[in-house]
Structures are given as structure tokens and as C-alpha cells.
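> what follows is a predicted protein model with its sequence.
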Amino acid sequence: MPTKSRLITMFLLTSIAWLATSQINRSLADDAANNARPQRLLLIGQGPDGSHKPTTHEYFAGVNLVARLLRGQPKLELVAVSADGEWRDGPQLLERADAAVMFVSEGAKWLSADAARLAAFRDLAKRGGGLGVLHWGTGTKTAEPIAPFVQLFGACHGGPDRKFKDFDQVLPQWTNTEHPILRGLKPFTSPVKEEFYFALKQASKTGGVTLADSESAITPLLRIPAEDVSGTVAWCWERPDQGRSFGFTGLHFHNNWKHESYRRLIAQATLWTLKRGVPATGLDVPVTDQDLALPEPK
């Protein structure tokens, strides 16, 4: 039978070995976390749609600016791609993405125009991926694409009864100011010139589509004055699939990227969909005149 002193020695050696193994396991876990692949953000744009004047609906210039605003984020790979044409490689690009932001023409129609494309967006959502959409990317002229789009992005500017207005001067108001997306965002003190879409079809609390704010599952972030209809023009949504979505119906004019509040809203909403933290005082979103410049027409 082992002596008392030998039992004590065996206990100490076992404890030391257990501690050493625990330290190694923790170290391996830390190394795995540190060496994990970066998150991949897919920024989907198009060339100008041809039905609008230059300096409006400048989709690809817009997604390039989003990339510029997020360029310094750690472990974030930014991939800006053109969705012009058939976009055959789109499903494969989405398969490798952790989130996607879409700034395209009639985006809800574009989403449903190809079964493989819609399936790829749905697969991204099922695995908890982030989804964001800007301006006409939220839209469709016909009603059929509304429901599939709302199921992914939370709201849609869609159908023959859709509402939009060119405002020479409008004073939007932030809502839910405690939300992380709105950190560091100050009230608008000067009106903006914008074409806003409103009276959006929204994801309902029961899983369908609604026009009523009281029945909506989304969280409004920015509103404009609107009588008898919803004035929500920016929103976010924690989806039932554990993913996150956001949308903003402004940015008709490329010039509006000059508004720091616009840039901060979109950059912080994108980080939020990636389930990243937002600084308590808001993200720095500086740009230069060169960043904002549009390419010379060919």
C-alpha cells in the first residue's frame, strides 16, 4: 500500500499535469480564435441604372464607400462585386460570405429573378448571416417579390401602391436612440434633400407582411413625417433565424454620403449585422473629397 507521503506526491503530480493540460487547451483555444478566418462582407453593387440622372442611384460608388468606411476593421474581409448581368457566380460568393449589403436597382425583383440567387440568400440567412440593403435595393414595382424579400430584409418598398417622395427639405428623426446602431448619431439640425421611400411593407410579428407599425417585427431607426402611413425609412431586425438585417431607403443622391450621420448609420448597421460591437461614442467615418468623387463618365 502506498505511504501517505507517496499519495501526497502522486496527488501533486496529477494536479500539476491537469493544470498544464488546461493551460495547453486554453492556449490552443486562444490560438484557434486568433487564427480564425476573417469575417467576409460581400458588398453587392451595380452600375447606374440608366433611368436616373448622373449623381443619383450611383450603386457601385456607394458600396465602394461602405468598403472605405469599414476598411480598418480587424479581421474583416471586404469584397465588392458587381451584380450586373446574370451574376452567375453570385450564389458561390454568398456561400462564402458572413454578411451581404446590397445596393442595386429594384432589389426585391432582382433577388427573386433567379431561383439559385434567392436560395443562396436564404442559405446565408439560415446560418445567421447579416443582410443589409440601401435605397432602390429595397424595392420592386410589382407585388410578387415582396414577401420573399421581407422574409430576409425585414421591409420592402414594393408593389404598385408603393410610396416615395422627393423632398427638397425634410428633417428626419432618429428613434430608439439606445440601440447600438445609433451610437454617436446626433439629431438632424438641418433639413436634407432626399428621395425617401416610406409606407413600407414590413415583417409582421406573426410571420407575414404588414403595413402597420404596431404589428411590425422590425425596429425603426429613422423616420420622416408622414400622415396616416408609416414614416419609417431606416430599420433593423433580429430575425427568427438568429441573423440580423437592416435597411435604409435614403441615398437617392450620391451627394448625401457627405452627411456624417448617413455614413455612421450604414457603417454601424453593417457591423451590427455581423454581430460586432459598436463603439460607445460611435464609429469614426471620415472621408475625403476624393473618396466621394464619382468616376468620369465614359
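Alright, I've got the coordinates.

> wait, is residue 269 part of a strand?
No: per DSSP: H, G, I helix; E, B strand; the rest coil, residue 269 lies outside any strand segment and is helix.

> with adjacent residues omitted, what lies nearest to residue 107?
residue 137 (3.5 Å; Cβ to Cβ, 6 or more residues apart in numbering). From N, CA and C alone the C-beta is placed, and that goes for glycine too.

> pull the number of nearby residues for the one you found.
31 (other Cβ atoms under 10 Å).

> also residue 254?
Counted with other Cβ under 10 Å, residue 254 comes out at 20.

> who's in contact with it?
When contacts are counted by Cβ atoms under 8 Å, 6 or more residues apart in numbering, residue 254 touches 55, 56, 58, 61, 62, 292, 294.

> does the fourth one count as helix, strand or coil?
Using three-state DSSP, the three-state assignment for residue 61 comes out as helix.

> and it, how many neighbours?
With other Cβ under 10 Å as criterion, residue 61 counts 20.

> any idea how far residue 285 is from the closest residue to it other than its chain neighbours?
Sequence neighbours aside, residue 294 is the residue nearest to residue 61 in space, at 5.6 Å (criterion: Cβ to Cβ, 6+ apart). Using Cβ to Cβ, to the nearest Å, residue 294 is found at 19 Å from residue 285.

> more neighbours, those two?
Neighbours were counted for residue 294 and for residue 285 using other Cβ under 10 Å; residue 285 has more, 20 against 12.

> let's verify the residue lying closest to that one once chain neighbours are set aside: helix, strand, or coil?
Spatial nearest neighbour of residue 285, excluding adjacent residues (Cβ to Cβ, 6+ apart): residue 263 at 4.1 Å. Classification of residue 263 by three-state DSSP places it in helix.

> residue 263: what's it in contact with?
65, 69, 257, 285, 287.

> repeat that for residue 177.
residue 185.

> for residue 129, see how far away it is.
27 Å.

> can you give me the strands for the stretch 151-298 of the chain?
155-158, 163-170, 173-174, 192-198, 201-203, 209-210, 219-223, 232-238, 244-248 (DSSP state E, counting those that start in this stretch).

> how about those strands in TSV, adding mean neighbour count?
Converted to TSV, these look like this (neighbours: other Cβ atoms under 10 Å):
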stretch	mean neighbour count
strand 155-158	29
strand 163-170	13
strand 173-174	16
strand 192-198	21
strand 201-203	26
strand 209-210	20
strand 219-223	21
strand 232-238	24
strand 244-248	26
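
> just grab the bridge partners of residue 132 for me.
Counting by DSSP bridges, residue 132 is bridged to residue 101, residue 246.

> wait, isn't it in contact with residue 269?
Yes: between residue 132 and residue 269 there is a contact at 6.2 Å, judged by Cβ atoms under 8 Å.

> next, show the common contact partners of those two.
residue 246.

> spatially nearest residue to residue 84 (excluding sequence neighbours)?
Counting by Cβ to Cβ, 6+ apart, the residue nearest residue 84 is residue 46, at 5.2 Å.

> angles on the backbone of that neighbour, please.
phi -140, psi 170 (degrees, to the nearest 10).

> what about it, how many neighbours?
25.

> who's in contact with it?
59, 60, 82, 83, 84, 103, 104, 105.

> enumerate every residue touching the spatially most central residue of the chain.
Nearest to the geometric centre of the chain sits residue 132, at 3.0 Å (Cα atoms, centre = their mean). For residue 132, the contact set (Cβ under 8 Å, 6+ apart) comprises 99, 100, 101, 102, 153, 245, 246, 247, 266, 269, 270, 273.

> most neighbours among those, please name it.
residue 247 (30 neighbours).

> any idea how far that one is from residue 163?
15 Å.

> hmm, residue 237 is touching residue 218, no?
Yes: applying Cβ under 8 Å, one finds residue 237 in contact with residue 218, separated by 4.5 Å.

> what do the two both touch?
Going by Cβ under 8 Å, 6+ apart, residues that sit against residue 237 and also against residue 218 are 154, 155, 203.

> so the residue nearest to residue 61 makes contact with residue 55?
Yes: look at residue 294 against residue 55 with Cβ under 8 Å: they come within range, at 6.7 Å.

> show me the helices in the stretch 1-150 of the chain, by range?
For the stretch 1-150 of the chain, the helices defined by DSSP state H, counting those that start in this stretch cover 4-34, 59-70, 90-95, 107-112, 115-126, 146-153.

> so which bits of stretch 147-154 are buried?
147, 148, 149, 150, 151, 152, 153, 154 (16 or more other Cβ atoms under 10 Å).

> what's the answer for stretch 251-263, then?
For stretch 251-263, burial by neighbour count (16+ other Cβ under 10 Å) applies to 251, 252, 253, 254, 256, 257, 259, 260, 261, 262, 263.
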